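*Asks:* just coords:
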């Protein structure tokens with residue numbers, strides 16, 4: 001394994017491109033959403049490439065961690081990771097000796113997380129990946145360079161922003177939360193942001209048309225919106241900055257915003273099923289190779305699930321085969337052949353039936369007050 005990751009002759013970027021092409025072949029959708037986000041792996045010491053004390057959502061606080069930005073291709077059929085970039089803090093890029101010890105190439109310099117995301121988005125779009133939308137959290141929504149790149153390419157986006165983010169409306173720059181006063185009560189609509197394990201993710205939504213401070217070039221005219229999400233139980237608010245190359249209904253923007261949760265699911269399954277974070281690597285090349293091979297293993301699970309759904313429609317009393325179930329069966333029946341094949345398969349059907357019943361109960365409970 002150490003030879004494969006550190007010394008063997010192979011191109012991890014070329015394998016990444018193959019993984020992307022493999023997934024697009026099976027998940028292709030011209031209305032797909034590209035989702036960007038970062039995740040952290042908690043690490044000890046100071047010599048592992050990219051490690052320093054920094055905030056990571058994995059721990060929910062500042063910890064000694066290694067942070068990477070990922071790109072997910074999300075469609076109605078399925079979703080999976082298609083690119084990755086390791087984030088190097090300035091403490092690393094300002095220390096040539098440290099970079100050399102970790103095997104970081106000379107041409108690599110400091111790049112913010114939005115810059116890494118912009119690089120991955122451009123790489124995917126230049127490769128002809130069919131997609132119409134991009135979504136991400138506040139780190140990416142606040143970056144004008146990323147937004148400008150997408151607008152120049154006529155790619156719509158729904159990017160979260162902070163409540164104090166400033167937008168243009170009525171010829172002036174105003175805070176997003178201040179504009180709430182312009183939303184009449186009748187403008188709020190209850191729309192589902194997607195199906196969850198315990199029912200539809202229902203929120204109240206409203207949106208306002210924004211100005212753009214710079215006139216759009218010919219042929220690149222689009223619409224800019226501020227979309228607001230409100231939790232009907234707690235009243236908690238979330239703000240999204242949106243760009244649409246063409247007019248679209250609110251439901252489309254809500255659906256794109258809801259796709260942001262797919263990358264959290266991919267992080268969970270990537271770490272839990274294929275060991276995305278379970279590495280003991282110190283050097284630059286080894287990290288990229290490990291992440292690429294984990295993405296390949298994850299792509300296998302996603303495509304296997306999609307193929308099975310197409311080949312054999314799932315009975316109503318069962319949930320469809322998930323990545324978790326396929327990994328479990330693969331480990332039980334192939335990696336460690338079971339003595340009683342029928343027994344393993346019956347347990348799989350039982351689990352899927354139990355999960356289907358639980359899902360049905362959750363949805364019925366949600367619909368009961370209506």
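*Replies:* Done, it's in. Nothing here was measured: the structure is a model prediction, and the numbers come from that model.
*Asks:* so residue 259 makes contact with residue 35?
*Replies:* Yes: using Cβ atoms under 8 Å, residue 259 is in contact with residue 35, at 5.9 Å. C-beta coordinates here come from the backbone N, C-alpha and C atoms, glycine included.
*Asks:* overlap in contacts of these two?
*Replies:* 74, 79, 135 (Cβ atoms under 8 Å, 6 or more residues apart in numbering).
*Asks:* These in strands, which ones?
*Replies:* 74, 79, 135 (DSSP state E).
*Asks:* show me what contacts the first one?
*Replies:* Neighbouring residues of residue 74 by Cβ under 8 Å, 6+ apart: 32-35, 259, 262-263.
*Asks:* and if you look at residue 39?
*Replies:* 56-58, 67-68, 70, 267, 277.
*Asks:* So which bits of whatever helix or strand it lives in are buried?
*Replies:* Assigned by DSSP states H and E, residue 39 belongs to strand 33-42. Across strand 33-42, burial judged by 16 or more other Cβ atoms under 10 Å covers 33-41.
*Asks:* Not counting sequence-adjacent ones, nearest residue to residue 182?
*Replies:* Take residue 182 and drop its neighbours on the chain: the residue closest to it by Cβ to Cβ, 6 or more residues apart in numbering is residue 208, 6.3 Å away.
*Asks:* which residues in the stretch 151-300 of the chain form strands?
*Replies:* 156-161, 166-169, 172-175, 189-196, 199-210, 223-230, 237-244 (DSSP state E, counting those that start in this stretch).
*Asks:* Of these, flag the one that's most buried.
*Replies:* Comparing these by mean neighbour count (mean count of other Cβ atoms under 10 Å), strand 156-161 ranks first with a mean of 24.
*Asks:* can you list the residues that contact that strand?
*Replies:* Here strand 156-161 has contacts from 132-138, 140-142, 146-147, 150, 176, 222, 227, 238-245, 248, 253, 256-257, 260, using Cβ under 8 Å, 6+ apart.
*Asks:* Each with direction, which strands does that strand pair with?
*Replies:* Partner strands and pairing direction for strand 156-161 (DSSP bridges) are strand 133-136 (parallel), strand 237-244 (antiparallel).
*Asks:* need those in TSV with mean pLDDT, can you?
*Replies:* Output for these, formatted as TSV (pLDDT from 0 to 100):
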stretch	mean pLDDT
strand 133-136	97
strand 237-244	96
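*Asks:* Identify whichever of those strands lies nearest to residue 365.
*Replies:* With Cβ to Cβ, the closest approach to residue 365 among the strands paired with strand 156-161 belongs to strand 237-244: 24.8 Å.
*Asks:* so where's the stretch 251-370 of the chain shaky on pLDDT?
*Replies:* 335-339, 362-363, 366-370 (pLDDT under 70).
*Asks:* Could you say which helix or strand holds residue 360?
*Replies:* helix 341-367.
*Asks:* Just the buried residues of that helix, please?
*Replies:* 348, 351-352, 355-356, 359.
*Asks:* For residue 68, give me its contacts.
*Replies:* Residue 68 makes contact with 38-41, 50, 84-87, 291, according to Cβ under 8 Å, 6+ apart.
*Asks:* Actually, residue 66.
*Replies:* Here residue 66 is in contact with 40-41, 43, 48-51, 86, 287 (Cβ under 8 Å, 6+ apart).
*Asks:* hmm, who's touching stretch 104-116?
*Replies:* Contacts for stretch 104-116 (Cβ under 8 Å, 6+ apart): 38, 49, 67, 69, 85, 87-90, 92-94, 99, 119, 139-140, 142-143, 145-146, 284.
*Asks:* Ignore what I typed, I meant stretch 325-336.
*Replies:* Residues contacting stretch 325-336 (Cβ under 8 Å, 6+ apart): 273-274, 301, 304-305, 308, 338, 341, 344-345, 348, 351-352.
*Asks:* if you set the cut-off to 10 Å instead, what comes out?
*Replies:* With Cβ atoms under 10 Å, 6 or more residues apart in numbering as the test, stretch 325-336 has contacts from 269, 272-274, 297-298, 300-305, 308, 319, 321-322, 338, 341, 343-345, 347-348, 351-352, 355.
*Asks:* so residue 62 touches residue 42, yeah?
*Replies:* No: applying Cβ atoms under 10 Å as the test, residue 62 and residue 42 come out as separate, 11.3 Å apart.
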